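> Starting from these lines, generate the structure:
(one chain, ligands or ions: 1)
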Amino acid sequence: MSALKPSAADFAVAGGTPLFDRPLPVGQLNFPSAERYEDAMRRIMKRRYFTNHGPLVVELEARLEEYLGVRNVLTVTNATIGLYLAALGLGLTGKVVMPAFTFVATAQAMAWAGLEPVFCEVDPDTHQISPATVEAAIEPEVSAVVAVNLWGGSCDPGRLEAWASDQGLPLLFDSAQGFGVSTGGRRLGGFGAAEVFSFHATKVVSSGEGGCIATNDDELAERIRNMRSNYGIRRPIEVPLTVNGRMSEGQAALALMSLDDFEYNRERNASLRNIYRSGLAAVDGSRIVEPTHVEASNHYSLVCEVDAGEFGMTRDRLMEILHAEGVLARRYFFPGVHRTTPFDSDFPRNVDVLPATDHLCSRVMQLPVGALVGHDDVERICDLIGAVKQFAPVLAVNR
Ligand SMILES: Cc1ncc(COP(=O)(O)O)c(C=O)c1O
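Got it, this is the predicted structure:
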């Protein structure tokens, strides 16, 4: 019998008291103390230099180039704009292959760049794409591959890069979730033609909103620098269109502090993962998805698959029960991008051809990690999920 919930009537969905009085979210939300933040903002106010490639942005880009081991890092307003700029900078046209098991921004950014997505499957174990899943989706008019590195793991970018080079296809990486992750002895950042990282508040390194484009291609970097701003910096290059994708000094200050804190937050995430691992090991029907193809993850997310048959209820019903207890688990990703607007209506031929993606979308959920989640919280979440399973025959139907 569970000490947390001795009977089915003790669950909040059945009228019992919620386990957590403070809801636990899934995002990282690693922010500096108010004192550090105020100090950084005061210095910006004193300099009166707020944006337009100011000193903090210059410092951040140099630090990121060194950390990622790439020749060029261009900070941007967010990763969505970064993906859009990278696609335009690369001059991509026509169709691009990408996974449908990704955040909608991957496909939305390509659509803004005038590209047509051709969705491919992911490996059902790792959730990542592979040369085989991409190859299965290739059509004659495909001009590039947009690969995604998910969950603080990777899609084995070295292998994909070798395959894409054989095919003569440019490769752009959406590494929004992959900052600080290393694979094959290298940090993500230098694979393919370019990689794009997100510094959204939910990511391990954060500037609230923000991101960067990393590339070893100097010409591409110069082109994107000229497109990123309505007036260029460094060497002016003729570009068809410009936009405002600049990062502000306030964002850069946050990102610099977040970089200072990164190793601490990575370790903390790893320790939370260890507790989830042991706490859910004996709960049949739940599987923690480990970050694959990496030597070092950032442990950005804690992804759990729910097998409805083994667990005794669907992922969606489990989430209803968790939410009522204050555990804000998220269906991330649901539905697959191929089933979202406008891709479902514009490209209906993509919709019913991705069974592995649809299967994952019906069983994946993210559990709370990050700054607002303590070690004892995770122990209690695991005990709670164990208790839900114990009372599944009653709770599954007790709507
Ligand atoms: C895989 C992926 N791509 C793109 C994005 C978009 O990042 P941003 O919010 O910085 O635009 C995200 C954000 O969650 C993401 O997870």
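> Give the closest residue to whichever residue of the stretch 201-350 of the chain sits closest to the ligand in space, chain neighbours not counted.
Residue nearest to the ligand within the stretch 201-350 of the chain: residue 211 (4.6 Å; C-beta to the nearest ligand atom). C-betas here are computed from N, CA, C, even on glycine. In this structure, residue 211 finds its nearest non-sequential neighbour in residue 79, 3.7 Å apart by C-beta to C-beta, 6 or more residues apart in numbering.
> so where's the stretch 201-350 of the chain shaky on pLDDT?
Regions of the stretch 201-350 of the chain meeting the criterion pLDDT under 70 cover residues 232-234.
> Report the contact partners of the residue of the stretch 201-350 of the chain closest to the ligand.
75-82, 176, 196-200 (C-beta atoms under 8 Å, 6 or more residues apart in numbering).
> hmm, 7 Å instead?
Contact analysis of residue 211 by C-beta atoms under 7 Å, 6 or more residues apart in numbering lists 76, 78-79, 82, 196-199.
> now do residue 224
74, 85-86, 89, 213.
> Sitting in helices, which of those residues do you find?
85-86, 89 (DSSP state H).
> can you give me the strands in this structure?
72-76, 95-99, 116-120, 142-148, 171-174, 182-183, 186-187, 194-198, 211-215, 286-289, 302-306, 364-367 (DSSP state E).
> possible to save the ones you listed as CSV with distance to residue 34?
Converted to CSV, the strands of the chain look like this (distance: least, C-beta to C-beta, whole Å):
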stretch, distance to residue 34
strand 72-76, 24
strand 95-99, 39
strand 116-120, 42
strand 142-148, 35
strand 171-174, 33
strand 182-183, 33
strand 186-187, 31
strand 194-198, 24
strand 211-215, 25
strand 286-289, 34
strand 302-306, 27
strand 364-367, 28
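> Pick the most deeply packed of those.
strand 194-198 (a mean of 31; mean count of other C-beta atoms under 10 Å).
> what does that strand rub up against?
Residues outside strand 194-198 that contact it (C-beta under 7 Å, 6+ apart): 78-79, 82-83, 86, 172-176, 178-179, 188-189, 211-215, 220.
> Looks like residue 177 contacts residue 152 (just checking).
Yes: under the criterion of C-beta atoms under 7 Å, residue 177 makes contact with residue 152 at 6.2 Å.
> between the two, what contacts are shared?
Residues within reach of residue 177 and of residue 152 at once, by C-beta under 7 Å, 6+ apart, are residue 300.
> And the helices in the stretch 101-250 of the chain?
For the stretch 101-250 of the chain, helices defined by DSSP state H, counting those that start in this stretch occupy the ranges 104-112, 131-135, 157-167, 218-228, 249-280.
> which one of those lies closest to residue 380?
helix 249-280 (9.2 Å; C-beta to C-beta).
> Centre of the chain to the closest one, how far?
A distance of 14 Å separates the centroid of the chain from that of helix 249-280, by C-alpha atoms, centre = their mean, to the nearest Å.
> how big is the angle separating it from strand 302-306?
40 degrees (axes from the mean of the first three to the mean of the last three C-alpha atoms, to 10 degrees).
> list the buried ones in helix 249-280?
249-259, 261-262, 265-266, 268-269, 272-273, 275-276, 279-280 (16 or more other C-beta atoms under 10 Å).
> Stretch 365-384 now?
365-373, 377-378, 380-384.
> What parts of the protein come near the ligand?
By C-beta under 6 Å from any ligand atom, the residues of the chain that approach the ligand are 78-80, 102-103, 105-106, 148, 174, 176-177, 198, 200, 211.
> Specify which member of those residues is nearest to residue 21.
The nearest member of these to residue 21, counting by C-beta to C-beta, is residue 200 at 27.1 Å.
> Which pLDDT does the model give the closest one?
Among the per-residue scores, residue 200 shows a pLDDT of 98.
> Residue 62: neighbour count?
Look at residue 62: counted by other C-beta atoms under 10 Å, it has 11 neighbours.
> how long is stretch 120-128 end to end?
One end of stretch 120-128 to the other measures 11 Å (C-alpha to C-alpha, to the nearest Å).
> Contacts only, for the closest residue to residue 334 other than its chain neighbours.
Once flanking residues are discounted, residue 334 sits nearest to residue 361: 5.0 Å by C-beta to C-beta, 6+ apart. By C-beta under 7 Å, 6+ apart, residue 361 lies in contact with 333-336.
> ok, now residue 354?
Per C-beta under 7 Å, 6+ apart, neighbours of residue 354: 100, 119, 121, 336, 338.
> And residue 99, by the same measure?
Applying C-beta under 7 Å, 6+ apart, the residues near residue 99 are 119-120, 122, 129, 148.
> The same query, at a cut-off of 6 Å, please.
Neighbouring residues of residue 99 by C-beta atoms under 6 Å, 6 or more residues apart in numbering: 120, 122, 129, 148.
> Relative to the ligand, which of the residues you listed is nearest.
For the contacts of residue 99, the nearest to the ligand is residue 148 (5.4 Å; C-beta to the nearest ligand atom).
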